[in-house]
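Colleague: Build me a structure from this.
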Amino acid sequence: VEFLASATPSSNLSHAAFYLKRDMYGIINHVFQVLVEERFGKDTWQQLRNKIDCIPEKFIMKHPYDDNITVDVAEECSKLLGISVDQFLETYGQFFVVWCHRTNYVSMIKVIGSNLFNFLSNLNALHAHLSMTFNGMKPPEFQCMPSDDPKKFYLHYYSCRENLFGIVVGATREAARSLFNRRISIKIISKTVDNSRYANRHHIVFEICDLGYADIKLARTETIAMEPGAAMFVHMNGYSSESFDYQSQTEYVNSKVFCRIFPFHIIFDQDLIIKRVGVGLYRRLQDLNTADKPRLDQFFECLKPPVKLCKRSIKSYRNNDFILQCKDKSIKEGNLFQLKGEMVELEEHGSHYMFICSPVVEKLTDLQNRGLFISDIPLHDMTRELLLLNEQRLAEFQLSKQLEETTAQLQATSVALEMEKVKADNLLHSMLPPLVSDRLRNGDTVEAGEYEQASIMFSDIVGFTTICSQCRPMDVVQFLNSLYVKFDKLTNVHDVYKVETIGDAYMVVGGLPEPCANHAEKVARMALSMVDCAVQVSSPSDNKPLRIRIGIHSGPVVAGVVGSKMPRYCLFGDTVNTASRMESHGLPSTIHISEACYKYLKGKGFRMQSRGKVAIKGKGLMNTYFVLRECQRSINLEDDPLRKKSETVPPLSTLNRQLVDDKLPVTSNCLNMVSWKASNEQNSCVIQ
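Modeller: Numbering: from 1, shown residues only. Okay, here's the model as predicted:
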């Protein structure tokens with residue numbers, strides 16, 4: 001997994017600046033996201049995003065991200081699950097192999113090695129191949145060493161990252177199970193820092209033991225063709241190369257032919273003194289012709305593995321591929337000549353080694369910069385084909401990366417668009433009822449409609465003119481905003497629609513645009529809540545609790561959308577005018593309702609008090625009522641200037657007609673509950 005760690009190397013790839021900045025390619029973080037969403041849900045991943053600010057909406061797999069993101073995600077996931085970071089990384093390592101099986105990478109990992117030992121030994125080659133796609137990668141290194149026990153071997157793991165070894169444990173265990181049907185145990189033998197290396201100094205040695213088949217049913221189909229213990233945890237078909245008779249083969253290749261067939265090879269002894277080179281290197285290295293006993297470390301430095309060239313390091317890493325970089329001062333900086341190949345121990349020649357290699361070139365321009373031609377590469381060397389194919393692959397890679405980035409931007413834009421749509425819908429819903437706004441958004445026309453019954457409420461602030469004269473305009477605006485925000489929340493609670501606000505006037509309707517039978521009840525409850533809410537707001541002029549007047553009337557209305565540039569949902573009809581008159585003729589901190597509204601509320605659990613006949617401007621005398629709040633036993637109407645003054649106190653024989661709450665039977669017992677408050681010119685009947 002960690003091969004997808006990238007780095008920003010110096011211009012000449014010197015060991016002193018081997019790592020300037022470490023990043024992790026997005027594919028690693030992408031698999032983190034897939035793991036969390038599949039195992040623990042998308043909400044869990046969203047919680048992690050909220051805790052870690054730098055996590056994007058979607059990771060671009062071929063884009064490098066800072067290491068800290070990966071570390072932070074691992075730490076937060078471990079906290080969320082209540083396990084250690086190492087345990088979570090093991091889970092991640094196992095899941096990464098599972099994820100690879102879902103992708104095109106599965107065909108690649110299945111052919112790396114015929115058994116677990118070979119698979120791990122050749123991971124470095126896989127990383128080298130993937131570095132052509134993920135530019136700037138600086139992967140970890142793996143080296144397998146056998147032991148005396150055929151069911152045990154040691155895995156040496158080198159990395160520049162100290163705490164990601166848990167991924168190796170989980171990935172190795174899952175690879176053994178899914179690729180080779182083996183159950184293994186893996187434990188850490190040692191953890192050290194290898195200062196002899198130029199990079200990847202964190203050195204961890206794992207002991208891997210075979211515990212048998214992971215699935216015995218699958219084992220029955222395997223053909224065992226090798227001796228027990230020699231297969232390194234998996235049995236293979238075929239013949240062993242150990243039985244090949246090398247002595248019986250005649251040597252047909254002399255040195256001259258060998259140097260021509262392999263133009264890039266170096267033979268040296270245990271003291272690193274160069275004995276022979278191929279013709280390609282002989283022409284390339286000018287100082288090699290004049291040097292006295294030229295040494296390998298005099299002309300080359302080892303980039304991979306990042307160790308000092310010596311007999312010990314060559315023997316230790318003989319199962320790894322080597323990359324040597326030329327030190328020739330005649331070569332211009334930026335055109336550095338690199339060789340990649342294998343170190344072979346020539347046992348028949350004593351303590352001699354051969355580095356059989358090819359020049360490292362990724363693009364056709366690299367050939368030109370290094371003074372090479374395709375003809376310099378032998379026909380049997382696949383570097384020719386890979387070089388030409390890589391030109392096409394690089395172009396496809398850039399297109400793929402641009403497509404992925406564009407897709408990510410498109411998804412982000414789509415999310416932003418949905419958010420803007422929600423904002424637009426909310427704004428439209430604030431201007432029009434949701435039912436009407438949805439029809440307008442769909443392109444439908446909304447015709448004006450006549451509604452037989454609806455309840456309309458108006459409210460205003462007592463003493464608003466005085467408040468405006470004594471306060472700054474900004475204070476008045478802030479005061480109104482704080483009040484109306486509270487009122488707006490109440491409209492959602494009581495399922496009514498706010499028509500508009502003009503100054504201190506607040507208009508609400510119930511039963512529109514969706515008719516309902518309990519429209520008056522909804523509006524009355526809204527009014528009660530508004531009066532209670534208003535006293536919680538202080539007047540900016542005298543800092544006293546606010547008082548409002550409310551009027552409600554029920555009746556037929558005509559409603560429709562008016563205007564195109566700034567459309568509004570407007571109500572028309574005498575019901576609107578009457579509701580406004582109920583408010584303007586009301587008393588402070590009261591809810592004044594018409595007789596039509598009273599008939600809807602009667603018997604619905606509301607406490608109401610008759611106001612009697614009141615002279616309403618433009619309407620004449622009307623029977624009106626007050627809806628009482630819980631804290632009100634009655635409303636004192638002795639000083640009510642609008643009461644008709646010719647009324648007299650009714651006799652007890654007519655008391656039955658004066659009772660307001662029809663739920664109470666008129667009996668002698670109920671008469672004790674009636675309290676009369678009378679003056680010379682007015683009276684009031686209140687049901688307690």
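Colleague: Going by C-alpha atoms from here, please, whenever you check contacts or count neighbours.
Modeller: Noted.
Colleague: Give me the pLDDT for E500.
Modeller: E500 carries a pLDDT value of 88.
Colleague: what sits against it?
Modeller: By CA atoms under 8 Å, 6 or more residues apart in numbering, the contact set of E500 is Y506, M507, V508.
Colleague: Select the longest strand from this structure.
Modeller: Longest strand in the chain, counting residues (DSSP state E): strand 548-562.
Colleague: circling back: report the buried members of the contacts of E500.
Modeller: Neighbour counting by 16 or more other CA atoms under 10 Å classes Y506, M507, V508 among the contacts of E500 as buried.
Colleague: So which of the residues you listed are in strands?
Modeller: Those of those lying in strands (DSSP E): Y506, M507, V508.
Colleague: Now do the contacts for the closest residue to the second one other than its chain neighbours.
Modeller: Using CA to CA, 6 or more residues apart in numbering and skipping residues adjacent in sequence, the residue nearest M507 is F458, 4.7 Å away. In this structure, F458 makes contact with A505, Y506, M507, V508, I550, G551, I552, A579, S580, E583, judged by CA under 8 Å, 6+ apart.
Colleague: For the second one, which non-adjacent residue is closest in space?
Modeller: Put plainly, it is Y506. Nearest one to Y506, counting by CA to CA, 6+ apart, is S459 at 5.2 Å.
Colleague: what do you get for the fourth one?
Modeller: Spatially, and ignoring its direct neighbours in sequence, V508 is nearest to K498 (4.4 Å; CA to CA, 6+ apart).
Colleague: Mind giving me the packing neighbours of the lengthiest helix in the chain?
Modeller: Identified as the longest helix of the chain according to DSSP state H is helix 383-431. Judged by 3 or more CA pairs under 8 Å, 6 or more residues apart in numbering; DSSP states H and E, helix 383-431 is in contact with helix 364-369, helix 434-441.
Colleague: now the angle from that helix to helix 434-441?
Modeller: Interaxial angle, helix 383-431 versus helix 434-441 (axes from the mean of the first three to the mean of the last three CA atoms, to 10 degrees): 130 degrees.
Colleague: Spell out which residues sit in contact with D194, please.
Modeller: R201, H202, H203 are the contacts of D194 under CA under 8 Å, 6+ apart.
Colleague: typo on my end, it should be V36
Modeller: Counted by CA under 8 Å, 6+ apart, V36 has contacts K42, T44, W45.
Colleague: Okay, and it sits in which element?
Modeller: Applying DSSP states H and E as the criterion places V36 in helix 26-40.
Colleague: Just the buried positions in that helix, please.
Modeller: Counting neighbours by 16+ other CA under 10 Å, helix 26-40 gives G26, I27, I28, N29, V31, F32, Q33, V34, L35, V36 as buried.
Colleague: Between those, which sits nearest L388?
Modeller: L388 lies nearest to I27 out of the buried residues of helix 26-40, by CA to CA, at 26.7 Å.
Colleague: so the closest one makes contact with T70?
Modeller: No: counting by CA atoms under 8 Å, I27 does not reach T70; the two are 10.9 Å apart.
Colleague: Pull the number of nearby residues for A412.
Modeller: A count of neighbours around A412, defined by other CA atoms under 10 Å, yields 15.
Colleague: these two touch, right, it and E57?
Modeller: Yes: counting by CA under 8 Å, A412 touches E57, with 7.4 Å between them.
Colleague: thinking again about what came up before, average model confidence for the longest helix of the chain?
Modeller: pLDDT averaged over helix 383-431 gives 80.
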